[in-house]
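Student: Build me a model:
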Amino acid sequence: MLIVAICSTGLYLSRSSAPAGTGTQTGGALVATVRSEPVTFNRYVRNSFPTHLFSLLTQAPLVKINRRSSEPEPWLASAWTTAPDGKSITVDLREGVTWSDGAPFDAEDVLFSVRAATDPAVHGPIADGLRVNNQPIAVKALGPHRVVFTFAAPSGPGARILDVLPIYPRHILEKALADGTFREAWGPSTEPRQMPGLGPFVLERYEPGQRIVLARNGRYWRKDAKGVQLPYLDRLTLEIVPDQNAELLRLTSGQVDVLQNELRPEDYRAVKAAADSGRVRLIDVGPGIDREMLWFNLAPPPKGQQPPLVAQDGFREAISLAVDRRAFANEVYLGAAEPSPAPVPPSVKEWAAEVDAGQYDAARAAVRLDELGIVDRNKDGVREDASGRPARFTILVGAGITGTEKGAQFIRDSLAKIGVTVDVVPLDINAVMGRWAEGRYDAIYHHITPTDTDPGTNLDWWLSNGSSHLWHPNQKQPATEWEARIDALMLRQSTTLDRAQRQRLFAEVQKLFVAHNPVIYFVTQRIYVATSTRVAPIAPGIERPQVLWAADELALTR
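Tutor: Got it, this is the predicted structure:
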């Protein structure tokens with residue numbers, strides 16, 4: 001017996017009002033920003049923000065998480081049913097849907113997409129999200145418009161896990177998967193016509209270093225409540241603007257309509273003045289979800305080299321204790337933030353937990369280093385370990401991203417007071433993430449955008465064998481006892497159907513995590529979003545991208 005979890009009406013309903021009669025119009029063009037250019041357009045092999053954003057705008061999943069309500073919604077699926085034991089989900093696909101090049105969409109595209117995303121030769125970031133109990137999900141077609149997903153164990157997140165998988169065109173990419181060239185498919189030089197999608201927009205042209213121009217997908221399947229086909233816009237251009245000061249100037253001068261992300265706190269006053277004068281629209285979204293984080297390289301060093309000091313739990317504990325999170329919020333975010341040491345911020349009420357990260361205590365941090373034998377042996381103001389190695393490490397940050405640069409500088413200045421030297425090195429963000437992928441770094445201060453708030457959908461981050469296990473990815477076996485414990489807890493958490501039990505298990509995970517500090521969090525920022533007044537009034541989500549996640553519903557004012 002199957003239990004119906006959710007279904008849709010005949011219309012592909014928009015979550016917002018249709019333009020007609022609301023002071024908005026169909027057609028026209030908007031300009032948004034993105035801070036770096038895509039290394040690839042293939043979401044199956046790269047999870048960087050530009051690639052993720054391109055996928056949101058041009059592709060579509062079976063189930064989509066509403067970034068305002070955090071609830072799953074039918075997308076390419078018209079309905080789904082979940083077995084009582086949680087071990088399978090049967091999905092009905094929308095009929096009459098076509099790819100932007102006119103080819104029909106059917107169950108074979110879904111089977112191909114799962115096969116491509118989980119292919120070991122592709123070795124991409126999506127594969128981890130399509131596993132239950134560390135086993136790949138299985139999918140079978142029950143007809144041209146019905147598929148069944150089967151799991152090795154009950155899936156706690158259920159259909160939410162399908163949000164991670166944009167469906168890709170079998171008729172275009174099957175050959176690349178068969179001949180082993182899939183990782184190179186959909187690179188920056190690919191002809192737009194070779195990248196059809198099921199999303200609201202299609203690539204019109206890509207000008208490296210300048211812009212990505214997207215045109216309306218005339219075959220897009222969604223309609224609003226009045227039957228008007230989405231998207232409302234004819235064109236959406238993503239201007240590549242690495243520097244946030246230049247990005248803000250373009251907004252306030254009317255050159256762009258939507259910023260990549262939320263405002264910096266130091267920009268609030270200028271944008272508020274522009275809003276008061278009617279040049280921009282300013283929206284207070286509330287406490288955010290995405291946060292900057294300091295993570296460390298905990299992978300084993302090359303043979304013959306000593307592990308870095310940051311590999312010691314006690315050293316990382318001292319770093320956490322030495323940073324005054326309240327002062328951090330006031331100085332870096334001008335008070336528009338709250339101290340928040342847990343891996344899940346209080347704004348995610350369902351999964352947040354009370355954790356003991358220790359109160360700010362620089363004296364205790366210094367004692368902790370003394371206990372480790374890291375002391376100032378030559379009285380030059382910098383501590384050394386027993387071998388004479390100085391207590392010094394480098395933090396990589398994205399160049400031109402003010403919040404990360406200021407945050408890293410605050411950390412640097414805080415640690416200098418306890419005799420630890422930090423070198424802050426700004427690099428292009430693609431270079432930063434390239435260094436992470438190669439394991440050539442001490443620490444990185446940046447943010448990673450989760451695909452969903454449910455921890456069971458982020459196993460690639462939590463599990464030691466996950467591709468996004470920031471501090472030491474793709475482990476064959478857990479490197480530490482505490483990582484093994486987190487693995488066991490997360491596998492139980494993600495295969496438990498009882499919500500209260502899942503919350504208890506995840507609270508235990510967070511306490512273990514904070515006890516070992518592989519990643520250190522400092523604050524949760526309050527989110528302010530600004531758009532030009534050309535953009536019809538919107539209700540942004542609290543996750544990045546706050547506006548463009550629902551780009552098919554953006555419209556121009558009359």
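Student: hang on, isn't Asn458 packed against Pro450?
Tutor: Yes - look at Asn458 against Pro450 with CB atoms under 8 Å: they come within range, at 5.6 Å. From N, CA and C alone the C-beta is placed, and that goes for glycine too.
Student: Between the two, point out the one with more neighbours.
Tutor: Asn458 (22 against 18; other CB atoms under 10 Å).
Student: Can you name the residues that contact the more buried one?
Tutor: 129, 450-452, 468 (CB atoms under 8 Å, 6 or more residues apart in numbering).
Student: which one of those residues sits closest to Arg269?
Tutor: Proximity of the contacts of Asn458 to Arg269, judged by CB to CB, is greatest for Pro450, which lies at 30.3 Å.
Student: in a strand, that's where that closest one is, yeah?
Tutor: No - read with DSSP: H, G, I helix; E, B strand; the rest coil, Pro450 is coil and lies in no strand.
Student: Retrieve the pLDDT associated with it.
Tutor: Looking at Pro450, its pLDDT reads 77.
Student: Just list the residues touching it, thanks.
Tutor: 289-290, 458, 461, 543.
Student: most centrally placed residue in the protein?
Tutor: Geometric centre of the chain, nearest residue: Thr449, 2.0 Å, by CA atoms, centre = their mean.
Student: distance of it from Ala342?
Tutor: 18 Å (CB to CB, to the nearest Å).
Student: for the stretch 451-558 of the chain, what spans make up the helices?
Tutor: 459-462, 481-494, 499-516 (DSSP state H, counting those that start in this stretch).
Student: what does the stretch 151-300 of the chain give?
Tutor: Going by DSSP H, counting those that start in this stretch, the stretch 151-300 of the chain shows helices at 170-179, 244-252, 268-276.
Student: quick one, which of those is packed in tightest?
Tutor: Looking across the helices of the stretch 151-300 of the chain with neighbours counted as mean count of other CB atoms under 10 Å, the highest average goes to helix 244-252: a mean of 19.
Student: now for that one, which elements pack on it?
Tutor: On a contact count with 3 or more CB pairs under 8 Å, 6 or more residues apart in numbering; DSSP states H and E, helix 244-252 meets helix 268-276.
Student: what is the mean pLDDT for the helix it packs on?
Tutor: Rounded mean pLDDT across helix 268-276 is 92.
Student: same question, stretch 551-558
Tutor: On average, stretch 551-558 scores 93.
Student: in it, what counts as buried?
Tutor: 551-557 (16 or more other CB atoms under 10 Å).
Student: Just the ones of those residues in strands?
Tutor: 556-557 (DSSP state E).
Student: Would you format the buried residues of stretch 551-558 as a markdown table with distance to Tyr333 included?
Tutor: Conversion of those to a markdown table gives the following (distance: CB to CB, whole Å):
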| residue | distance to Tyr333 |
| --- | --- |
| Ala551 | 28 |
| Asp552 | 32 |
| Glu553 | 30 |
| Leu554 | 28 |
| Ala555 | 32 |
| Leu556 | 32 |
| Thr557 | 31 |
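Student: between the buried residues of stretch 551-558, which is closest to Ile283?
Tutor: Looking across the buried residues of stretch 551-558 and measuring by CB to CB, the closest to Ile283 is Leu554, at 13.8 Å.
Student: separation between the closest one and Val285?
Tutor: Going from Leu554 to Val285 by CB to CB gives 16 Å.
Student: avg pLDDT for the longest strand seen in the chain?
Tutor: Using DSSP E, we find that the single longest strand of the chain is strand 523-532. The average pLDDT within strand 523-532 is 94.
Student: Now do that strand: which elements does it pack against?
Tutor: Secondary-structure packing of strand 523-532 (3+ CB pairs under 8 Å, 6+ apart): helix 268-276, strand 280-287, helix 325-332, strand 337-339.
Student: Of all those, which one comes closest to Lys226?
Tutor: strand 280-287 (24.1 Å).
Student: Where does pLDDT dip in the protein?
Tutor: 1-22 (pLDDT under 70).
Student: let's see 50
Tutor: 1-14, 16-18, 20-21 (pLDDT under 50).
Student: Could you chop it up by domain?
Tutor: Domain segmentation of the chain under automatic domain parsing yields 3-17+41-187, 292-525.
Student: before we move on, the earlier item: so which of the contacts of Asn458 is surrounded by the most neighbours?
Tutor: Busiest of the contacts of Asn458 [other CB under 10 Å] is Gly129, holding 28 neighbours.
Student: now the nearest residue to that one once chain neighbours are set aside: how far from Asn458?
Tutor: With sequence-adjacent residues excluded and distances taken as CB to CB, 6 or more residues apart in numbering, Gly129 is closest to Val164, at 3.8 Å. Separation of Val164 from Asn458 (CB to CB) stands at 9 Å.
Student: How about Gln244?
Tutor: From Gln244 to Asn458 the distance is 27 Å (CB to CB).
Student: Tell me who's in contact with the residue nearest to the centre of the chain.
Tutor: Applying CB under 8 Å, 6+ apart, the residues near Thr449 are 49, 52, 290, 543-544.
Student: Okay, helices next: where are they in the stretch 1-150 of the chain?
Tutor: Taking DSSP H, counting those that start in this stretch as the test, the helices found in the stretch 1-150 of the chain are 49-58, 107-118.
Student: Please name whichever of these is nearest to Ala431.
Tutor: The nearest among the helices of the stretch 1-150 of the chain, by CB to CB, is helix 49-58 at 13.9 Å.
Student: Check which helices and strands that closest one sits against.
Tutor: strand 29-34, strand 201-207, strand 211-216.
Student: what about the ones you listed, which gets the closest to Leu248?
Tutor: strand 29-34 (9.7 Å).
Student: Figure out how far that closest one is from the centre of its chain.
Tutor: Taking CA atoms, centre = their mean, to the nearest Å, one finds strand 29-34 lying 20 Å from the centre of the chain it belongs to.
Student: That one vs strand 523-532, what angle?
Tutor: Interaxial angle of strand 29-34 relative to strand 523-532 (axes from the mean of the first three to the mean of the last three CA atoms, to 10 degrees): 150 degrees.
Student: re earlier: Throw the helices and strands packed on helix 49-58 into CSV and include mean neighbour count and distance to Pro125, thanks.
Tutor: What follows is these, written out as CSV (neighbours: other CB atoms under 10 Å; distance: least, CB to CB, whole Å):
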stretch, mean neighbour count, distance to Pro125
strand 29-34, 22, 19
strand 201-207, 18, 21
strand 211-216, 22, 21
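Student: And the ones you listed: which comes nearest Phe410?
Tutor: Nearest of the helices and strands packed on helix 49-58 to Phe410, taken as CB to CB: strand 29-34 at 25.8 Å.
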